[in-house]
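*Asks:* Have a look at this fold, sequence not included:
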């Protein structure tokens, strides 16, 4: 094959018909544009306002305290998450995903560092104490920081246990009296800060190397546990409910993620602690297969044996038959046998007798490929 | 080897007006399947146009103004149309075995475009700024972290996600789609399958 032939549009060996590409493009743009604008005007698009720490604090004040305590005493999910946020709680991570020894989650260290006691409790409360000139809170923070780790854990455990028996009275969380050290005061002020709406402001300030930026990491990670999960469950948004696959009711969601979401509904995606990693790499392999389809023996011949292409090119095959293009072809019998064989026994007998466009017929020499060396059958 | 000459030759031979804007096409092109490609492209045009308007007014405009909400809706439905037509296009081209006769790269570019589109759309969902964004951010952080993408992408950083969505990923997608279209035009649309023995015979002679 010559270099020129390599670039040649070899479809020119077939009979041609008039085609107006510009008109087709404009008409298509018109159809899609009108359809999209009409549908957008009638149906709008889904939108459900985001949930804030302030809302959770007002609706479920105990939950905010439990979250803050988990961050303070290391029992919370984010406190012991592992990379990329931290190395777990005092070196022990809750769950680092891994397929055998393959654990890419750990490759990058902790670029988005999060030490939850400081990030979620001590720093915001210190800001609040300064802003409100609150010496009692200032003293409580100093007491907590100065105490031994054993003492801190004792206070934390006592207060965490007390929260299980807590009640809400006039918006305040009431717990039985106990040995809580400075923790009870700190938690009451943490809740007050959240209720005011300023907790999010404090958290957002931490992750932006300044204030006027967009990294909402710590703010979202404070919310990410039970608070968001409980709400998501009520609108069928959790992973096991095909969450990411659908949007608000009645609106189409990202349905193209169906194969991905499906893998979360069945083991090991639904059961393994490394389910995310397993699902991600399964999809990567499947997508690799899709990309490399032309080169995969067997798969690349699959459409040849599936009859769908006969429907797509039915006009062409019908034309071959009606123009009697195969009349003089010595291979007509085997052609006929192939395409009227068992697979198509029940099909319409108008299926062409021959797929061979190299025969001479009504279209004459235009059927012949100039560079393929194929000659019309005599 | 002279790279300039080589490039000039390639471009001259591939990008002829006859290839880029053909006024005729093979007679076997006669099916609705062939319209999915151009509909996909048209949907992409409206996706980009509505997206550019939204970007111009800033990332909260479409959350509080009626006009912003309308363009967000146009954007949303354009994306739905885009994925619908792209999926139909992909399925149709699969059944036509459209990687045949030197068109493998066309398929590869198309499949890559699909993958980049999925990621682009996902960053778009995360940029919506509502509960759906918020929830999928905290959910997908585990997936991105577990897959080992955490070193590059902090999915909880709205600035990074938005930047990827409105600049980086669309640029990659536009390049891929453009390259895909040039590949289609340079080679012409794939011819119908021939009888097996004819293909074998052609293969022997080539």
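*Replies:* Arrived safely. Remember, it's a predicted structure, so these values are computed and weren't measured experimentally. Residues are numbered from 1 along each chain as shown, chains lettered A, B, ... in the order given.

*Asks:* ranges for the helices of chain B?
*Replies:* B:3-14, B:17-20, B:35-57, B:61-64, B:66-95, B:104-126, B:131-146, B:158-163, B:169-187, B:196-205 (DSSP state H).

*Asks:* And the fourth one, what's buried?
*Replies:* Right, helix B:61-64. For helix B:61-64, a neighbour-count test (16 or more other C-beta atoms under 10 Å in any protein chain shown) marks B:61, B:62, B:63 as buried. For every residue, glycine as well, the C-beta is placed using N, CA and C.

*Asks:* can you pull out the strands in chain A?
*Replies:* All strands of chain A, identified by DSSP state E, fall at A:16-18, A:167-169, A:172-174.

*Asks:* most tightly surrounded among these?
*Replies:* Neighbour counts (mean count of other C-beta atoms under 10 Å in any protein chain shown) averaged over each of the strands of chain A peak at strand A:172-174, with a mean of 14.

*Asks:* Now do that strand: which elements does it pack against?
*Replies:* helix A:61-73, strand A:167-169, helix A:183-196 (3 or more C-beta pairs under 8 Å, 6 or more residues apart in numbering or on different chains; DSSP states H and E).

*Asks:* of all these, which lies closest to residue A:296?
*Replies:* Taking C-beta to C-beta, helix A:61-73 is the member of the helices and strands packed on strand A:172-174 nearest to residue A:296, at 48.8 Å.

*Asks:* Against chain B - does the closest one have any residue that ends up touching it?
*Replies:* No: contact of helix A:61-73 with chain B is not found when judged by C-beta under 8 Å from any C-beta of the partner chain; the minimum separation is 13.0 Å.

*Asks:* what sits up against that helix?
*Replies:* A:53, A:56-57, A:75-79, A:116-117, A:119-121, A:152-153, A:156-157, A:159-160, A:163, A:166, A:168, A:171-173, A:183, A:187, A:190-191, A:194-195, A:222, A:225-227 (C-beta atoms under 8 Å, 6 or more residues apart in numbering or on different chains).

*Asks:* same check, this time on stretch B:117-135
*Replies:* A:46-51, A:220, A:223, A:228, A:231-232, A:237, A:243, A:247-248, A:254, A:256-257, B:59-60, B:63, B:72, B:75, B:79, B:82-83, B:86, B:136-137, B:140, B:155, B:158, B:161-162, B:164-166, B:169-170, B:173.

*Asks:* Kindly recompute the last result at 7 Å.
*Replies:* A:47-51, A:220, A:228, A:232, A:237, A:247, A:254, A:256, B:59-60, B:63, B:79, B:86, B:136-137, B:161-162, B:164-165, B:169-170, B:173 (C-beta atoms under 7 Å, 6 or more residues apart in numbering or on different chains).

*Asks:* List the contacts of the closest residue to residue A:84 other than its chain neighbours.
*Replies:* What sits nearest to residue A:84 in space, not counting adjacent residues and going by C-beta to C-beta, 6 or more residues apart in numbering or on different chains, is residue B:150, at 3.9 Å. Residues in contact with residue B:150 (C-beta under 7 Å, 6+ apart) are A:83, A:84, A:105, A:108, B:144.

*Asks:* residue boundaries of the helices in the stretch 51-200 of chain A?
*Replies:* A:53-59, A:61-73, A:116, A:123-132, A:135-146, A:149-163, A:183-196, A:198-206 (DSSP state H, counting those that start in this stretch).

*Asks:* CSV for those, including distance to residue B:108 and mean neighbour count?
*Replies:* Listed next are the helices of the stretch 51-200 of chain A as CSV, based on distance: least, C-beta to C-beta, whole Å; neighbours: other C-beta atoms under 10 Å in any protein chain shown:
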stretch, distance to residue B:108, mean neighbour count
helix A:53-59, 46, 19
helix A:61-73, 47, 23
helix A:116, 45, 27
helix A:123-132, 50, 18
helix A:135-146, 58, 16
helix A:149-163, 55, 16
helix A:183-196, 51, 22
helix A:198-206, 42, 20
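
*Asks:* now the helices and strands packed on strand A:172-174 in TSV, with distance to residue B:43?
*Replies:* Shown next, in TSV, are the helices and strands packed on strand A:172-174 (distance: least, C-beta to C-beta, whole Å):
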stretch	distance to residue B:43
helix A:61-73	43
strand A:167-169	51
helix A:183-196	43
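
*Asks:* quick revisit: so of the helices of chain B, which one's packed in deepest?
*Replies:* Buried most deeply of these, by mean count of other C-beta under 10 Å, is helix B:131-146, with a mean of 22.

*Asks:* How about chain B: which residue is closest to chain A?
*Replies:* residue B:148 (2.3 Å; C-beta to the nearest C-beta).

*Asks:* Does that residue touch residue A:102 like I think?
*Replies:* No: using C-beta atoms under 7 Å as the test, residue B:148 is too far from residue A:102 to be in contact (9.0 Å).

*Asks:* For these two, indicate the residue with more neighbours.
*Replies:* residue B:148 (21 against 12; other C-beta atoms under 10 Å in any protein chain shown).

*Asks:* contacting residues around that one?
*Replies:* With C-beta under 7 Å, 6+ apart, residue B:148 has these contacts: A:104, A:105, A:107.
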